[in-house]
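Visitor: Generate coordinates for the sequence data below:
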Amino acid sequence: MALVMLPSDLPWWDSVKRQLKRLANTKNTLELIERMQKIYENVQCEFWIQIEEEIDPQQFVGLLNF
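Guide: Next up is the predicted model:
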């Protein structure tokens, strides 16, 4: 039987939940992008520490331009 990890099993889940709750209060696209970037950074920091790659600071630029 394969082991399946759910998001709630990961160490950064509490931080992601807090950021997702804050998304509900966004008033404009810029706030939305900023909060999505924080979620991305929290998850990537935890994950990328193990493989030593850079976090992409421009991850959501395309969405902002759209």
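Visitor: E31 versus P7, what's the distance?
Guide: Separation of P7 from E31 (Cβ to Cβ, to the nearest Å): 23 Å. Heads up, the C-betas are built off the backbone N, CA and C, glycines and all.
Visitor: of the two, who's got more company?
Guide: Ranked by neighbour count (other Cβ atoms under 10 Å), P7 and E31 place E31 first, with 13 against 10.
Visitor: What average pLDDT does the helix or strand harbouring that one get?
Guide: If you go by DSSP states H and E, E31 is part of helix 29-51. Averaging pLDDT along helix 29-51 gives 73.
Visitor: Next, the buried residues of stretch 26-37.
Guide: Within stretch 26-37, the residues that count as buried by 16 or more other Cβ atoms under 10 Å are I33, R35, M36, Q37.
Visitor: how close does the second one sit to D9?
Guide: Spelled out, it's R35. Using Cβ to Cβ, we find R35 at a distance of 23 Å from D9.
Visitor: Check the third one too.
Guide: Taken as Cβ to Cβ, the spacing of M36 relative to D9 amounts to 22 Å.
Visitor: Repeat that for the last one.
Guide: Remark: distance between Q37 and D9 (Cβ to Cβ) = 24 Å.
Visitor: count of residues packed around L23?
Guide: By other Cβ under 10 Å, neighbour count at L23 equals 13.
Visitor: My read is that it contacts E34, right?
Guide: No - if you go by Cβ atoms under 8 Å, L23 and E34 don't touch, sitting 10.2 Å apart.
Visitor: burial measure for M5, as a count.
Guide: Around M5 there are 7 residues (other Cβ under 10 Å).
Visitor: in which helix or strand would I find it?
Guide: Using DSSP H and E, M5 sits within no helix or strand.
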